[in-house]
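1. the following block contains a protein sequence and its predicted model.
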Amino acid sequence: MPPPLPSHRMIEAFRAAVLHGGISAAAEALGTSQPALSRDIANLQKLVGFQLFAKHGRTVRPTEEALALMAKVQQSFLGLEDIARFYEQLRKQRIGRLSVCAIPAIGHSVMPAAMEFLRRRQEKVVVSLEIASSIEVARRVRNRQADLGFAAQGLAFGDVEAVAEFTSDCVCIAAAGQFPAGWRQVGLAQLPGRPFVALRGTLQKRLEDMLDGIGAELDVVAEASQSLSASELVLRGMGVSVVDPFTAAMHRQKGGSALPLAPALPYTVQALAMGDARMSAPARDLLQYVQSVLGASD
């Protein structure tokens with residue numbers, strides 16, 4: 001026959017007495033009377049069959065058995081706190097909450113305007129934006145830490161699905177006035193021999209593979225892990241670089257020069273979401289805005 005179960009009130013009284021160091025402080029914390037709380041603890045003590053608190057002068061202290069029991073009680077209450085946090089998240093989602101994670105190229109260029117658009121369209125929506133690498137974007141979407149992600153092509157995995165794609169061509173950037181007058185594009189064969197700011201990652205590898213095809217090699221004078229950093233180095237006259245079209249647009253806004261690269265080097269970004277979850281209205285509105293700005297294929 002299973003042992004009788006304690007009531008939640010007994011457990012709550014016991015936990016409060018341990019955490020607050022006494023019966024009086026526990027009763028005050030729970031907003032109840034001292035006799036009522038003492039009665040709940042006495043009932044629990046009778047139920048478990050061993051002493052829970054021992055007197056030390058004017059105070060009481062938990063016994064060794066009580067401390068062992070407290071460890072198990074805390075596990076239960078931590079579970080309840082997780083539940084409370086979860087339903088609070090659900091409550092916030094009802095009034096509108098959207099978590100977005102994006103690679104720097106999208107997060108720093110398109111996303112601020114997209115968030116402003118969403119704010120005007122749905123005033124009660126709270127949008128959070130995280131900037132991360134493509135792998136981290138996909139991981140956050142998979143772990144449901146982000147409702148919508150924007151990552152490099154080909155990183156959807158598991159239950160993560162690509163709900164849209166955005167493709168454009170990479171651009172060659174330089175400081176203002178560094179391209180010869182009359183140039184309308186930068187040929188691949190015109191990159192070697194010029195100081196070049198390289199980007200660490202797949203885009204740079206694809207560019208180098210194209211150069212290997214014509215037997216050419218870049219004169220790399222600096223490297224950057226993010227396209228925005230490469231843009232800043234280029235603006236300071238360090239050399240030219242090849243970056244994604246979104247960074248190139250910001251480069252122009254800062255006064256730099258940007259020309260198409262020939263032959264083209266496509267750059268594709270995927271919008272990611274969980275395949276087993278229905279996309280919320282705020283997520284659909286934000287994605288629709290990004291599609292209208294960049295153009296996309298579902």
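-> Yep, it's here. Numbering: from 1, shown residues only.

2. could I get the full set of helices for this protein?
-> Defined through DSSP state H, the helices belonging to the chain, from first to last, are 8-20, 23-30, 34-48, 64-95, 104-107, 111-121, 134-142, 202-213, 227-235, 245-253, 281-294.

3. got the ones you listed as TSV, with distance to residue 261 columns?
-> For glycine as for every other residue, the C-beta is placed from the backbone atoms N, C-alpha and C. Shown next, in TSV, are those (distance: least, CB to CB, whole Å):
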stretch	distance to residue 261
helix 8-20	64
helix 23-30	67
helix 34-48	74
helix 64-95	43
helix 104-107	16
helix 111-121	25
helix 134-142	21
helix 202-213	8
helix 227-235	14
helix 245-253	10
helix 281-294	18
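
4. nearest to residue 269, out of the ones you listed?
-> Nearest to residue 269, of all those, is helix 104-107, at 6.0 Å by CB to CB.

5. mind giving me the packing neighbours of the closest one?
-> strand 126-131, helix 227-235, helix 245-253 (3 or more CB pairs under 8 Å, 6 or more residues apart in numbering; DSSP states H and E).

6. wait, which of those is closest to residue 105?
-> Within the helices and strands packed on helix 104-107, the stretch nearest residue 105 is helix 245-253; the backing value is 4.7 Å (CB to CB).

7. and the angle from the closest one to helix 281-294?
-> 60 degrees (axes from the mean of the first three to the mean of the last three CA atoms, to 10 degrees).

8. output the lowest mean pLDDT helix or strand found in the protein.
-> Among the secondary structure pieces of the chain, namely its helices and strands, helix 64-95 has the lowest mean (mean pLDDT, DSSP states H and E), a mean of 70.

9. distance of the residue of the chain most remote from its centre relative to residue 22?
-> Seen from the C-alpha centroid of the chain, the residue lying at the greatest distance (CA atoms, centre = their mean) is residue 57, 52.8 Å away. If you measure residue 57 against residue 22 using CB to CB, to the nearest Å, the figure is 11 Å.

10. residue 36 too?
-> The gap separating residue 36 from residue 22 is 15 Å, by CB to CB.

11. neighbour count: those two, which is higher?
-> residue 22 (17 against 12; other CB atoms under 10 Å).

12. how much space is there between that one and residue 72?
-> Residue 22 sits 21 Å away from residue 72, going by CB to CB.

13. now residue 42
-> Here the criterion is CB to CB. By it, residue 42 lies 20 Å from residue 72.

14. more neighbours: which of these two?
-> Of the pair residue 42 and residue 72, residue 42 is the one with more neighbours under other CB under 10 Å, namely 14 against 9.

15. ok now do the nearest residue to residue 226 once chain neighbours are set aside, which residues does it touch?
-> Closest residue to residue 226 apart from its sequence neighbours, by CB to CB, 6 or more residues apart in numbering: residue 104 at 5.1 Å. Counting by CB atoms under 8 Å, 6 or more residues apart in numbering, residue 104 touches 131, 226, 227, 228.

16. go on, residue 231?
-> If you count contacts by CB under 8 Å, 6+ apart, residue 231 has them with 173, 241, 243, 247, 250, 251, 254, 256.

17. quick one, which of those residues are buried?
-> Neighbour counting with 16 or more other CB atoms under 10 Å marks 173, 241, 243, 247, 250, 251, 256 as buried within the contacts of residue 231.

18. put together JSON lines for those residues, with pLDDT and distance to residue 118 on each row.
-> Output for those, formatted as JSON lines (pLDDT from 0 to 100; distance: CB to CB, whole Å):
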{"residue": "173", "pLDDT": "97", "distance to residue 118": "30"}
{"residue": "241", "pLDDT": "97", "distance to residue 118": "32"}
{"residue": "243", "pLDDT": "95", "distance to residue 118": "27"}
{"residue": "247", "pLDDT": "93", "distance to residue 118": "23"}
{"residue": "250", "pLDDT": "93", "distance to residue 118": "21"}
{"residue": "251", "pLDDT": "95", "distance to residue 118": "26"}
{"residue": "256", "pLDDT": "96", "distance to residue 118": "29"}
